[in-house]
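Trainee: this one's structure only:
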Ligand code: AMP
Ligand code: ZN
Ligand code: FE
Ligand code: FE
């Protein structure tokens, strides 16, 4: 076997990237800055065995990624990140191993993307009302083929010189409760889980540590999730340990990944450092009855 450099990673593993998977990445089909091909090439370069592309409300990048994956020897797992509302909170749900051609799923995703576009229009109007003459065109230029979201609006604000950096765009205007904030159309967690299950997939509570309480976590488990994202850059080692214990207590599955968006959001360091062993992927596969 070719000698690979041993590295200590922030997901608590001490091993080579071989036999490891990153199950949470984004491409230009949502708010990532690498194309599916570039991302899969990067995964191959990092020595990962598998990668899941989990674009927001979009499965458009999966076919290209799978094709490149076959040529470079990286398994590409169908992934997706949906937003749902839990009370007033915005929670994210990751889907894996669904059928990317499921027509009901594709219809829903199209609907969610149309709603994202309407919301971008509302945000631009709010910004205009705040004397920020941003145009929808500049936002759509940033989004390209991707599901339009606040990250694209933030990029446009920076590009057009209305804010000095990406984070200021959120703290000044776009962040939850900010003067240009607008809610996205959101399904309930139950609906999201049902949609994913009907497409043959598994649902995971994404990065629960970001802003959820233990009560929220239990509420999410009760809607019938298959698992919890344990490894994520926003989770401390203590949180990982906690979520892993919850996973075993409720007979759930675990998942994990870097939430890598392509490096432009100051996130280059996460790639390759937040992974799960392939045994986690095998466990998921065993839980699929498709
Ligand atoms: P959206 O799906 O359009 O609501 O955009 C949500 C995305 O915006 C998140 O996944 C983050 O990447 C980013 N985001 C949300 N809040 C902030 C914030 N306060 N600072 C920086 N990025 C943020
Ligand atoms: Zn994103
Ligand atoms: Fe997320
Ligand atoms: Fe994400």
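Mentor: Nice, I can see it. Since we're looking at a predicted model, the values are computed, not measured. Ligands and ions are numbered 1, 2, ... in the order given.

Trainee: from here on, just use CA atoms for contacts and neighbour counts.
Mentor: Will do.

Trainee: residue ranges with poor pLDDT in the chain?
Mentor: Applying pLDDT under 70 to the chain flags residues 1-9, 12-17, 289-290.

Trainee: please redo it, this time with the cut-off set to 90
Mentor: Along the chain, the parts satisfying pLDDT under 90 run over 1-18, 88, 186, 210-212, 263-269, 288-290.

Trainee: now it against ligand 1: closest residue?
Mentor: residue 149 (3.2 Å; C-alpha to the nearest ligand atom).

Trainee: that residue: what's it in contact with?
Mentor: The contact partners of residue 149, by C-alpha atoms under 8 Å, 6 or more residues apart in numbering, come to 30-31, 116, 120, 143.

Trainee: kindly reformat those as CSV containing secondary structure and distance to residue 255.
Mentor: Shown next, in CSV, are the contacts of residue 149 (DSSP: H, G, I helix; E, B strand; the rest coil; distance: C-alpha to C-alpha, whole Å):
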residue, secondary structure, distance to residue 255
30, coil, 21
31, coil, 21
116, helix, 27
120, helix, 31
143, helix, 28
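
Trainee: ok, which of those also contact ligand 1?
Mentor: Among the contacts of residue 149, no residue sits close to ligand 1 (C-alpha under 6 Å from any ligand atom).

Trainee: and stretch 228-246, what's buried?
Mentor: Going by neighbour count (16 or more other C-alpha atoms under 10 Å), the buried part of stretch 228-246 is 228-233, 235, 237, 239-240, 243-244, 246.

Trainee: how near is residue 267 to residue 215?
Mentor: 30 Å (C-alpha to C-alpha, to the nearest Å).

Trainee: looking at the two, which one has more neighbours?
Mentor: Just comparing residue 267 and residue 215: by other C-alpha atoms under 10 Å the higher neighbour count belongs to residue 267, 14 against 9.

Trainee: would you confirm that the more buried one contacts residue 258?
Mentor: No - in this structure, residue 267 is not within contact of residue 258 by C-alpha atoms under 8 Å, at 9.0 Å.

Trainee: for residue 21, give me phi and psi.
Mentor: When read as degrees, to the nearest 10, the backbone of residue 21 gives phi -130, psi 150.

Trainee: nope, residue 95 is what I meant
Mentor: The phi/psi pair for residue 95 (degrees, to the nearest 10) reads phi -120, psi 140.

Trainee: in PyMOL, how would I select the buried members of the contacts of residue 149?
Mentor: Applying 16+ other C-alpha under 10 Å to these, the buried members can be selected in PyMOL as follows:
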select buried, resi 30+31+116+120+143
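
Trainee: between the contacts of residue 149, which sits nearest residue 280?
Mentor: Lowest distance from residue 280 to these (C-alpha to C-alpha) belongs to residue 30, with 25.5 Å.

Trainee: what's near enough to touch the closest one?
Mentor: 55-58, 143, 145-149.

Trainee: do the same with residue 220
Mentor: Taking C-alpha under 8 Å, 6+ apart as the criterion, residue 220 is in contact with 189, 205.

Trainee: which SS state does it fall under?
Mentor: helix (DSSP: H, G, I helix; E, B strand; the rest coil).

Trainee: go on, residue 29?
Mentor: coil.

Trainee: correct me if wrong: it contacts residue 58.
Mentor: Yes - using C-alpha under 8 Å, residue 29 is in contact with residue 58, at 6.5 Å.
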